[in-house]
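Peer 1: 3D, please:
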Amino acid sequence: MALVEIKVPDIGDFADVSVIEVMVKVGDTVSQEQSLITVESDKASMEIPCSASGVVKEIKVKLGDKVHEGSVVLMLEASDSAAAPTTVVAPAPTASASKPPPTPASAPAPSVSASSLIEVMVPDIGDFKDVSVIELLVKPGDTVQVEQSLITIESDKASMEIPSSATGVLKELKVKVGDKVNIGDFIALVQGSAAASNSAVAAPAQPTVAAPSAAPQSASSAASASSVQAPAQVPLHQPGAAISSAGPVPHASPSVRKFARELGVPLEEVKGTGIKARITHEDVQAFSRSVMQGTVSTKAQQSRGVGASGAGSGAALGLLPWPVVDFAKFGPIERKPMSRIKKISGANLHRNWVMIPHVTNHDDADITELEAFRVSTNKENEKSGVKVTMLAFLIKACVSALKKFPEFNSSLDGEDLVYKSYYNIGFAADTPNGLMVPVIKNADTKGVLQISQEMGELAKKARDGKLSPAEMTGATFTISSLGGIGGRYFNPIINAPEVSILGVCKSTMQPVWNGKEFAPRLMLPMSLSWDHRVIDGAAAARFNAHLGQILSDFRRVLL
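Peer 2: Numbers count the residues shown, from 1 in each chain. Sure, this is the predicted structure:
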């Protein structure tokens, strides 16, 4: 063991730069090229790496001190195996808001370590334990990059994606959907390499931009610094994780920026507590913890009208804030997280209800003969195992109505109306996890028996949570049926970008006047919601009347 002076290396044409962050303390064991302090001039900031491995015995600088090339940073008790040169090539200084400093020509590019098996762990995500894995984003055999998302985890307040710490081929995933993970848990095995540097030089710090003391940079100065801008933030699944490039550049060191990217934290929304309001590791952790606890909402959440309580705040619409109530003070409560499907569908339904001018027409259709035909068809096809439902007939009837009234099979695209020549009918399926909408593709080319069989298969997939995105997209019209449950009428919410939706309830026997007497007829309640920007009341009334005629005499489908 020997005491070694760790000095400030060649940092270019900069003298008397301020120490703004001390990243180690006495007694810490440090490795070669680990960052020790962060220094900042009026033009740039950079991290000073260690030139040897060992134990920190004494720190020679403190916050606010001025250092230059050759200044002693700390005394290190170096290990015998570590050759500790006291002079190394410095990392390229980070860009300022005015102009980029010169980059030392002697700094070599980082090399890549030999291919090996690398364990990927869950990074620090704050004080949360047993967070659920809700999505696997890769599979064994996939080639992954550093910071590429591997899995999505979710607490009771938020979700985020966990990135890879290595580049290579994914050999094994150690977790599955539903597993609970914690900080430091082993989640994947990657056959590849992690970025490393030559032992004789310090690893170049990730570029960062120091917050200028003057006004924000102009468009021309921004263009001149484009080659050394801060690295693009990775948009993660955590609410508000997408990073905006507009506005002042966050004041943070490269290591803090990397840490923020790992957690999906938008740095421009974090309040720094360090010197000159610099953002520290602790600030990033505190912000992430607050978002997951629901006490802080990001700008992205607020733009969707989601407040700190997780409910629609109405702020985006200029409404009064959502009331915050301590429900427990009125009596016993039980708090359960909403399922992921309900969170996603709820946000979509909210948007559709607010943005689409809904109007709903209510009518009754006489399905007496059609129900008798359905029952006899099922008796004749008992051996086939395919059970025909009224919804299958409804799908065929709706296709016929859509062909006669093509505006109901259209979508708004800006100021244009897109008329579709295909007929994909979505049907709402009730599942244990919430509402899902599988789609029968090209329903106009399929018979009632084929539609019934396909509906049964899709409904089972929905209940088992195995529907693929392709099986839930591309609908041109949707039917929401409460026939097996009950009710009379309701106002179904249009599934954008569609312009109409049909809701049906449980059919009932009613006395209907036939011109001579009241006769018992099986009547089906229908509720047609339509977008008033595309459809007018007269067209909606004609659509419902035509649909009712088809259901009362299904032979009209052939016309």
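
Peer 1: how many other residues sit next to Ser552?
Peer 2: For Ser552, the count of nearby residues is 16 (other CB atoms under 10 Å). Every C-beta, even on glycine, is put in place using the N, C-alpha and C of the backbone.

Peer 1: so what's it up against?
Peer 2: Ser552 sits next to Ala365, Asp366, Ile367, Thr368, Glu369, Leu370 when contact means CB atoms under 8 Å, 6 or more residues apart in numbering.

Peer 1: Confirm that the last one sits in a helix.
Peer 2: Put plainly, it is Leu370. Yes - per DSSP: H, G, I helix; E, B strand; the rest coil, Leu370 lies within a helix segment.

Peer 1: Could you say which helix or strand holds the residue lying closest to Val177 once chain neighbours are set aside?
Peer 2: Nearest non-adjacent residue to Val177, counting by CB to CB, 6 or more residues apart in numbering: Val133, 5.7 Å away. Secondary structure from DSSP states H and E places Val133 in strand 131-136.

Peer 1: Following element in sequence after that strand, please.
Peer 2: According to DSSP H and E, the helix or strand after strand 131-136 is strand 143-144.

Peer 1: packing partners for that following strand?
Peer 2: Strand 143-144 sits against strand 167-173, with contacts defined as 3 or more CB pairs under 8 Å, 6 or more residues apart in numbering; DSSP states H and E.

Peer 1: With just CA atoms, put the strand it packs on into CSV.
Peer 2: Taking C-alpha atoms only, strand 167-173 is exported to CSV below (Å, rounded to 0.1, in the frame of the first residue of the first chain):
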residue,chain,number,x,y,z
THR,A,167,-25.1,-3.9,-24.9
GLY,A,168,-25.4,-7.4,-26.3
VAL,A,169,-27.7,-10.4,-26.8
LEU,A,170,-30.2,-11.1,-24.0
LYS,A,171,-29.5,-14.7,-22.9
GLU,A,172,-32.0,-15.0,-20.1
LEU,A,173,-34.8,-13.0,-18.3
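
Peer 1: Is it correct that Glu369 is in contact with Asp553?
Peer 2: Yes - contact criterion CB atoms under 8 Å: Glu369 and Asp553 qualify, at 7.1 Å.

Peer 1: what's the distance between stretch 547-559 and the middle of its chain?
Peer 2: Relative to the centre of its chain, stretch 547-559 is centred 45 Å away, using CA atoms, centre = their mean, to the nearest Å.

Peer 1: Could you work out the end-to-end span of it for me?
Peer 2: Across stretch 547-559, the terminal residues are separated by 13 Å (CA to CA, to the nearest Å).

Peer 1: That stretch - what's its average pLDDT?
Peer 2: Across stretch 547-559, pLDDT averages out at 91.

Peer 1: What residues of it count as buried?
Peer 2: Leu547, Gly548, Ile550, Leu551, Ser552, Phe554 (16 or more other CB atoms under 10 Å).

Peer 1: Let me know the closest of those to Asn381.
Peer 2: Of all the buried residues of stretch 547-559, Asn381 sits closest to Phe554, with 16.7 Å by CB to CB.

Peer 1: Distance check, the closest one against Ala401.
Peer 2: From Phe554 over to Ala401 the distance is 13 Å, taken as CB to CB, to the nearest Å.

Peer 1: can you check Asp553 too?
Peer 2: From Asp553 across to Ala401, the span is 14 Å (CB to CB).

Peer 1: How is Ile344 assigned, secondary-structure-wise?
Peer 2: Per three-state DSSP, the local secondary structure of Ile344 is helix.

Peer 1: before we move on, what about Val61?
Peer 2: Val61 ends up coil, using three-state DSSP.

Peer 1: Just give the number of residues close to the residue nearest to it when sequence neighbours are not counted.
Peer 2: Excluding the flanking residues, the one nearest Val61 by CB to CB, 6+ apart is Val19, at 5.1 Å. When neighbours are defined as other CB under 10 Å, Val19 has 21 of them.

Peer 1: residues in contact with Gly272?
Peer 2: Applying CB under 8 Å, 6+ apart to Gly272 gives the contacts Pro250, His251, Ala252, Arg278, Ile279, Thr280, Asp283.

Peer 1: who does the longest strand seen in the chain pair up with?
Peer 2: For the chain, the longest strand by residue count, based on DSSP state E, is strand 518-531. Here strand 518-531 has these sheet partners by DSSP bridges: strand 358-366 (antiparallel), strand 500-504 (antiparallel), strand 508-513 (antiparallel).

Peer 1: Just the buried residues of the shortest one, please?
Peer 2: Within strand 500-504, the residues scored as buried using 16+ other CB under 10 Å are Ser500, Ile501, Leu502, Gly503, Val504.

Peer 1: again with stretch 513-533
Peer 2: Buried, per 16+ other CB under 10 Å, within stretch 513-533: Arg521, Leu522, Met523, Leu524, Pro525, Met526, Ser527, Leu528, Ser529, Trp530, Asp531.

Peer 1: coming back round to it: right, and the residue nearest to Val177 touches Glu161 too?
Peer 2: No - using CB under 8 Å as the test, Val133 is too far from Glu161 to be in contact (11.0 Å).

Peer 1: residues shared between the contacts of those two?
Peer 2: Both Val133 and Glu161 are contacted by Ile151, Thr152, Ile153, under the criterion CB under 8 Å, 6+ apart.

Peer 1: Could you give the bridge partners of the second one?
Peer 2: Spelled out, it's Thr152. Counting by DSSP bridges, Thr152 forms beta bridges with Glu135, Glu161.

Peer 1: give the contact list for Trp55.
Peer 2: Quick fix: residue 55 reads Val, not Trp. Neighbouring residues of Val55 by CB under 8 Å, 6+ apart: Gly27, Asp28, Thr29, Val30, Leu76, Glu77.

Peer 1: One more pass at 7 Å, please.
Peer 2: Residues in contact with Val55 (CB atoms under 7 Å, 6 or more residues apart in numbering) are Gly27, Thr29, Glu77.

Peer 1: Show only the entries of the residues you listed found in helices.
Peer 2: Among the contacts of Val55, no residue falls in helices (DSSP state H).

Peer 1: Which one (most neighbours) among those residues?
Peer 2: In terms of neighbour count, Glu77 stands highest of those at 15 neighbours, by other CB under 10 Å.

Peer 1: Pull up the per-residue confidence for that residue.
Peer 2: Reported pLDDT for Glu77: 89.

Peer 1: ok, it touching Ala52?
Peer 2: No - taking CB atoms under 7 Å as the definition, Glu77 is not a contact partner of Ala52, at 9.7 Å.

Peer 1: Pull the contacting residues for Ala496.
Peer 2: So Ala496 contacts Asn352, Ile356 (CB under 7 Å, 6+ apart).

Peer 1: Dihedrals phi and psi, it?
Peer 2: phi -60, psi 140 (degrees, to the nearest 10).

Peer 1: gap between it and Ser71?
Peer 2: According to CB to CB, Ala496 and Ser71 sit 62 Å apart.

Peer 1: Please apply the same query to Ile501.
Peer 2: Applying CB to CB, the value for Ile501 to Ser71 is 71 Å.

Peer 1: Over to Arg289?
Peer 2: Distance, Arg289 to Ser71, by CB to CB: 36 Å.

Peer 1: Next: Asn491.
Peer 2: Computed with CB to CB, the distance linking Asn491 and Ser71 is 73 Å.
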